[in-house]
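> need coordinates for the following:
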Amino acid sequence: MFESLSDRLGIIIKKIKGCGSLSEANIHEALKDVRMALLEADVNFTVVKDFIERVRNKAVGKDVLESLTPGQQFIKIVRDELVEVLGGNSCGLELGAKPPAAIMLVGLQGSGKTTTTAKLARHLKSKGRNPYLVSADIYRPAAMLQLKRLAGEINVDVFDAESMGTPPPLSPSWRGTGGGVLNPQDITREAKRIADIKGYDTVLVDTAGRLHIDSELMEELKELKAILKPKEILFVADSMTGQDAVNTARGFDEAVGITGIILTKLDGDTRGGAALSIKNVTGKPIKFIGVGERIDALEPFYPDRMASRILGMGDVLTLIEKAQEVIDEKKAKELEKKIRKDTFTLEDFREQLRQIKKMGSLESIIAMIPGFKEMQKKSGVMPDERELFKTEAIINSMTKKERLNHTILNANRRKRIANGSGTSVQDVNKLVKQYLQTREMMKRFSKGGLPLIGGRGLLPF
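Numbers count the residues shown, from 1 in each chain. Purely as a prediction, here's the structure:
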């Protein structure tokens, strides 16, 4: 995400840093480049204009021009203004004191509402809440089944609308056992009643979408809002659609009144315009971002961290939080003991690889390490996700005895392991060398404190 914008801004920042001193002339030149970079990233024209003006007013001040490090001061101003454009302070969910708190997820078809509903439920569950999922989409035949399947993956309860009547295939509505027409209003009303009885503290309602905004959809959403009295109405926006997502968000806000935004598909080839425009245009904060297809690929949105990522400064705090989520404290202590005693085995190495895979894609991890992406570009070596799977396949093809004692891996054993894993003997040799380098590195690290997850040599690039 933001790769093109990040690269462009990186070049501009490098040029500014190279200036011995700053003048109004070279600030003007730099801001012209920044303006073009933002417009090419599909950022709203008015947002760009205001951003450039604010940076200019601060950058030509006496404190900047006469400072010892004018380039650094300029970069700080750009970062601070980016944080403001992205929303300033991070905004969590407002769930109130009295349960159950209702959350409506709204948006157009294809924006990822159903998957995001389940992702949000998983996030809330990890924070100690007891969520209840409800599908109020009776128009898309697979919507209820999809939400039910996702609920099963995260072990969260879901309202069973079929208990109110059996729908005929592909019907936009159906007649319940009492002969009345079952509709989204009936579903949400009954789901809310059950949530009260069973003691769920959060009700997440996946509403129907459309290909575009229409009056019928908005009327339905207004009725659901009146029934649920939600604490949050979250607009789910597909960041790949750029300014269309911004305009649609504004339309939903004017009709229904949204309280926040969830941007999906930020792991795709998005230019970033929606993320950099949507808060300013709608006045509503981005609360979460979807960064992948996996059920755990939803992150709280922090404007300051995102600004740092865009400017190539990394995001260490998010990296630490991701590591803390996947690392078992008991296993970490056991691993530390093994490293100190120099008994770190290939089995432990495999466990470390599995923990890295749980953190997300290699590309997303690298983007959070300050300076790593720049170093990677210079070396020309790009991470290959397949290498992680290949490495694990090689270790899986070893016997337990071999995993616990790498010294017995003679030529015949290595040939058998290569055949068993569908790799070459050279791949097996490379893995063993990598393992020994990691073992040595971790042994050195342990003298000054154990790193979070392995270190250089552990990643296969």
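
> pLDDT weak spots in the stretch 51-200 of the chain?
62-71, 163-181 (pLDDT under 70).

> can you list the buried residues in stretch 387-394?
Neighbour counts over stretch 387-394 (16 or more other CB atoms under 10 Å) mark 387-388, 390-392, 394 as buried. Placement of C-beta: from N, CA and C, glycine included.

> residues contacting the residue nearest to R54 when sequence neighbours are not counted?
Take R54 and drop its neighbours on the chain: the residue closest to it by CB to CB, 6 or more residues apart in numbering is E81, 5.4 Å away. Contacts were defined as CB atoms under 8 Å, 6 or more residues apart in numbering; by that measure E81 touches 51, 54-55, 58.

> buried ones among these?
For the contacts of E81, buried by 16+ other CB under 10 Å: 51, 55, 58.

> now render the residues you listed as JSON lines, adding secondary structure.
Below are these laid out as JSON lines (DSSP: H, G, I helix; E, B strand; the rest coil):
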{"residue": "F51", "secondary structure": "helix"}
{"residue": "V55", "secondary structure": "helix"}
{"residue": "K58", "secondary structure": "helix"}
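
> what's the closest of these to D244?
Nearest to D244 among those: F51, at 20.9 Å, using CB to CB.

> isn't that closest one up against A41?
No: if you go by CB atoms under 8 Å, F51 and A41 don't touch, sitting 11.8 Å apart.

> just to revisit the earlier point, how near is the residue nearest to R54 to I310?
12 Å (CB to CB, to the nearest Å).

> and the residue nearest the centre of the chain, backbone torsions?
The centroid of the chain falls nearest to V291 when counting by CA atoms, centre = their mean (3.2 Å). Phi and psi for V291, reported as degrees, to the nearest 10, are phi -120, psi 30.

> follow-up on the earlier one: give me the subset of the buried residues of stretch 387-394 that lies in helices.
Judged by DSSP state H, the subset of those located in helices is 387-388, 390-392, 394.

> which regions of the stretch 351-461 of the chain lie under the pLDDT threshold?
360-385, 443-461.

> got TSV for the ones in helices among the buried residues of stretch 387-394, with distance to Q352 too?
Formatted as TSV, these follow (distance: CB to CB, whole Å):
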residue	distance to Q352
E387	14
L388	11
K390	16
T391	10
E392	11
I394	15
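
> list the buried ones in the longest helix along the chain?
As assigned by DSSP H, the longest helix anywhere in the chain is helix 425-445. Within helix 425-445, the residues that qualify as buried by neighbour count (16+ other CB under 10 Å) are 427-428, 430-432, 434-435, 438-439, 441-442.

> looking at those, which is nearest P100?
For the buried residues of helix 425-445, the nearest to P100 is M442 (46.9 Å; CB to CB).

> wait, the closest one touches T345, no?
No: contact criterion CB under 8 Å: M442 and T345 do not qualify, at 12.0 Å.

> got phi/psi on E299?
phi -120, psi 140.

> return the set of residues that bridge with it.
I289 (DSSP bridges).

> state the pLDDT value of it.
pLDDT recorded at E299 is 88.

> how many other residues sit next to it?
22 (other CB atoms under 10 Å).

> what sits up against stretch 189-196?
100, 102, 132, 134, 159, 164, 203, 205, 227-228.

> quick check: D80 vs L5, distance?
From D80 to L5 the distance is 17 Å (CB to CB).

> so between those two, which is more surrounded?
L5 (23 against 14).

> next one: the longest helix of the chain to chain centre, how far?
The chain centroid and the centroid of helix 425-445 are separated by 31 Å under CA atoms, centre = their mean, to the nearest Å.

> which other helices and strands does it contact?
helix 329-340, helix 346-358, helix 385-396, helix 411-421 (3 or more CB pairs under 8 Å, 6 or more residues apart in numbering; DSSP states H and E).

> which residues touch V60?
24, 27.

> for it, grab phi and psi.
Given degrees, to the nearest 10, the pair of backbone angles that V60 has is phi -90, psi 10.

> from L311, how far off is it?
20 Å.

> equivalent analysis for P100, please.
Counting by CB to CB - P100 and L311 are separated by 41 Å.

> neighbour count winner among those two?
P100 (24 against 19).

> that one contacts Y200, doesn't it?
Yes: assessed by CB under 8 Å, P100 is found in contact with Y200 at 5.2 Å.

> now do the shared contacts for those two.
With CB under 8 Å, 6+ apart, P100 and Y200 have common neighbours Y132.

> show me the contacts for Q146.
114-115.

> meant to ask about L404
L404 neighbours (CB under 8 Å, 6+ apart): 345-347.

> quick one: which of these is most hemmed in?
L346 leads these on contacts (other CB under 10 Å) with 21 neighbours.

> that residue touches Q434, doesn't it?
No: the pair L346 and Q434 does not pass the contact test of CB under 8 Å, sitting 10.5 Å apart.

> quick revisit: adding distance to K265, write the contacts of E81 out as JSON lines.
Converted to JSON lines, the contacts of E81 look like this (distance: CB to CB, whole Å):
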{"residue": "F51", "distance to K265": "24"}
{"residue": "R54", "distance to K265": "29"}
{"residue": "V55", "distance to K265": "29"}
{"residue": "K58", "distance to K265": "33"}
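
> now, which of those residues sits nearest D33?
Using CB to CB, V55 comes nearest to D33 of the contacts of E81, at 12.0 Å.

> just checking, L276 touches E40?
No: if you go by CB under 8 Å, L276 and E40 don't touch, sitting 11.8 Å apart.

> and the one helix or strand E402 maps to, which residues are buried?
Element membership of E402, judged by DSSP states H and E, is helix 400-404. For helix 400-404, burial by neighbour count (16+ other CB under 10 Å) applies to 402-403.

> and what of stretch 202-219?
Result for stretch 202-219 [16+ other CB under 10 Å]: buried residues 202-209, 217-218.

> from those residues, which land in strands?
Residues of those located in strands (DSSP state E): 202-206.

> will you turn these into CSV that also has distance to K330 and pLDDT?
Below are these laid out as CSV (distance: CB to CB, whole Å; pLDDT from 0 to 100):
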residue, distance to K330, pLDDT
T202, 30, 93
V203, 35, 95
L204, 32, 95
V205, 38, 95
D206, 37, 94
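
> need these in JSON lines with distance to N26, can you?
JSON lines is the format used below for these (distance: CB to CB, whole Å):
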{"residue": "T202", "distance to N26": "52"}
{"residue": "V203", "distance to N26": "56"}
{"residue": "L204", "distance to N26": "51"}
{"residue": "V205", "distance to N26": "53"}
{"residue": "D206", "distance to N26": "52"}
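
> about what we covered before: so which of the helices and strands packed on helix 425-445 gets nearest I295?
helix 346-358 (12.0 Å).

> if we can go back for a sec, how far off centre is the helix holding E402?
So, by CA atoms, centre = their mean, the centroid of helix 400-404 is 37 Å from its chain's centroid.
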